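Asker: here are the coordinates; sequence isn't available:
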Ligand SMILES: Nc1ncnc2c1ncn2[C@@H]1O[C@H](COP(=O)(O)OP(=O)(O)O)[C@@H](O)[C@H]1O
Ligand SMILES: N[C@@H](CC(=O)OP(=O)(O)O)C(=O)O
């Protein structure tokens, strides 16, 4: 049995829905479907999730939201009209949109989560309705019904382990099960969503929970490429890669698959196949456990992300000072801030943060407390920070990979602020200025995939 997840681009309108239905019909093993909210129909379009965020923001601010409600309703109605869904079957969807502000929420964060979640919740309902009208037996399964339980973090939840026991108890027959992606319920019965792009996570949870043979993730590209196609024109497609390669690359910018979605797949040892809804017969990319992978190239991919910031601390004899890092972490703990990486030297330390969790006020207060607690000679907050991640199982047994990476960067006058290699030796992480990030990806891609393609053999 396969779990098939369709991204927002695959469910953006009636014609895309039709392709998805053909894909579901073409393989009886595709019994369980996970839907995203309708995504962009064209480059300048707005995803339904973003419309819902606006709707929630207007509601919180007690402002007029009638126009946005009409816009959201119109997205679902357009799909309904395409499949001649009777008006009375569209009514519950429209009512659910209109009624969102009239429920009681514990606070604005939970209100935001509930609004956002309805993008996928209503799309899954609509998919089940359309399939049934076409004579394909289908059942909408709400996360509440199947026991998809998540942590009390309304907009950044993680799945709780009891979910898997609950999914084990889910009984179903020969009908297609249609799950909405992106959210679960807290133990208190509130909706909480995963972070953005989190329908991939739902797909992986359901795949693990229902012991699927494969998790197919349908999107709008033929494969996962060795570099972001928005940076490199016609990059090389990756036909096979390991879970941990994918996790590192998605963490560092390959937005095609959510980095947290790898974890349930690893736990369940379920192969992930990323495929294109618009060209479903192409093989796509298969993501597998290390034991099923033999590297044929040094580098599998190179990713970059601008979502980071760094705190640079310098103090002589830092290496001899007991408790320096402990005091630093206590300040972070006080502000409920996690850090991503902490490369260090004898007299200095850089702490790299995901800046999406930080606002200016927190940064100022945190830096002030660090100054007071540690008295560093230098303290510098670097907002202009990008991470470049070079990943490949094939790197482990190769000598001289770092030189191959650094030399072309130096030749292009790109400064490297930080270099870090994980203990697994399958990735090298560089820190650069944001303005240099795309160019750095191009140089490294060129070095390993174009110019010295031989280095990859
Ligand atoms: N290395 C990569 N390979 C393929 N796509 C990538 C890569 N890095 C970034 N992307 C982007 O990811 C997009 C697909 O992800 P997303 O927009 O979340 O799709 P969906 O709507 O299916 O969830 C692609 O259109 C592409 O622009
Ligand atoms: N709709 C949500 C969740 C998601 O996974 O969407 P998509 O499959 O379109 O990336 C978002 O936009 O974040």
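Answerer: In hand now; what should we look at? Note that the structure is a prediction, hence the values are computed from the model and not measured. Ligands and ions are numbered 1, 2, ... in the order given.

Asker: Below-threshold pLDDT in the chain: ranges please.
Answerer: Applying pLDDT under 70 to the chain picks out residues 452-457.

Asker: list the contacts for residue 377?
Answerer: Contacts for residue 377 were tallied using CB atoms under 8 Å, 6 or more residues apart in numbering; they are 314, 315, 316. Any C-beta I mention is one placed from the backbone N, CA and C, and that applies to glycine too.

Asker: For my notes, please list the residues you listed in a markdown table and give distance to residue 142 and secondary structure for each entry.
Answerer: Shown next, in a markdown table, are these (distance: CB to CB, whole Å; DSSP: H, G, I helix; E, B strand; the rest coil):
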| residue | distance to residue 142 | secondary structure |
| --- | --- | --- |
| 314 | 53 | strand |
| 315 | 54 | coil |
| 316 | 59 | coil |
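
Asker: so residue 388 makes contact with residue 437?
Answerer: Yes. Between residue 388 and residue 437 there is a contact at 6.4 Å, judged by CB atoms under 8 Å.

Asker: If you count surrounding residues, which of those two has more?
Answerer: residue 388 (27 against 23; other CB atoms under 10 Å).

Asker: can I assume that one sits in a strand?
Answerer: Yes. Assessed with DSSP: H, G, I helix; E, B strand; the rest coil, residue 388 lies in a strand.

Asker: distance of the residue in the stretch 201-350 of the chain positioned nearest to ligand 2 from residue 393?
Answerer: Across the stretch 201-350 of the chain, no residue is closer to ligand 2 than residue 258, which sits at 7.0 Å (CB to the nearest ligand atom). Distance, residue 258 to residue 393, using CB to CB, to the nearest Å: 21 Å.

Asker: Likewise for residue 424?
Answerer: 9 Å.

Asker: between the two, which one's more packed in?
Answerer: residue 393 (23 against 14).

Asker: Enumerate the residues of this protein near ligand 1.
Answerer: 7-10, 36, 39, 197, 219-221, 224-225, 227-230, 254-256 (CB under 6 Å from any ligand atom).

Asker: Return the subset of the residues you listed lying in strands.
Answerer: Those of those mapping onto strands are 219, 224, 225, per DSSP state E.

Asker: domains of this protein?
Answerer: 2-220, 301-456 (automatic domain parsing).

Asker: Would you mind telling me which of the ones you listed is nearest residue 267?
Answerer: Each of these has some distance to residue 267 by CB to CB; the shortest is domain 2-220, at 5.7 Å.

Asker: Tell me if I'm right that residue 172 and residue 138 touch.
Answerer: No. With contact defined as CB under 8 Å, residue 172 does not reach residue 138; the gap is 10.9 Å.

Asker: between the two, who's got more neighbours?
Answerer: Higher neighbour count among residue 172 and residue 138: residue 138, with 21 against 13, using other CB under 10 Å.

Asker: Most neighbours among the ones in strands among the residues of the chain next to ligand 1, please name it.
Answerer: Going by other CB under 10 Å, residue 224 tops those with 27 neighbours.

Asker: which SS class is residue 98?
Answerer: At residue 98, secondary structure determined by three-state DSSP is helix.

Asker: tell me which parts of the stretch 151-300 of the chain are close to ligand 2?
Answerer: Residues of the stretch 151-300 of the chain lying near ligand 2 by CB under 6 Å from any ligand atom: 181, 182, 196, 197, 198, 199, 200.

Asker: quick one: which two of the residues you listed are the most distant?
Answerer: Spanning the widest gap among those are 181 and 196, at 11.7 Å by CB to CB.

Asker: if I look at the two, which residues touch both of them?
Answerer: The contact sets of residue 181 and residue 196 do not overlap (CB under 8 Å, 6+ apart).

Asker: Neighbour count: those two, which is higher?
Answerer: Taking other CB under 10 Å, residue 181 and residue 196 do not tie; residue 181 has more neighbours (31 against 17).

Asker: Neighbours of residue 44, how many?
Answerer: Residue 44 has 6 nearby residues by other CB under 10 Å.

Asker: Ok, residue 257 next?
Answerer: Applying the criterion other CB under 10 Å, we find 26 residues in the vicinity of residue 257.

Asker: before we move on, what about residue 25?
Answerer: With other CB under 10 Å as criterion, residue 25 counts 13.

Asker: Also residue 188?
Answerer: By the measure other CB under 10 Å, the count of residues near residue 188 is 9.

Asker: Which secondary structure state does it sit in?
Answerer: Classified using three-state DSSP, residue 188 is coil.

Asker: Near ligand 2, which residues of the stretch 1-150 of the chain are found?
Answerer: 7, 8, 36, 37, 39, 47, 49, 119.

Asker: measure the nearest residue to the fourth one once chain neighbours are set aside to residue 34 for me?
Answerer: What it means is residue 37. Nearest residue to residue 37, sequence neighbours excluded (CB to CB, 6 or more residues apart in numbering): residue 119, at 2.7 Å. Note on residue 119: its distance to residue 34, by CB to CB, is 13 Å.
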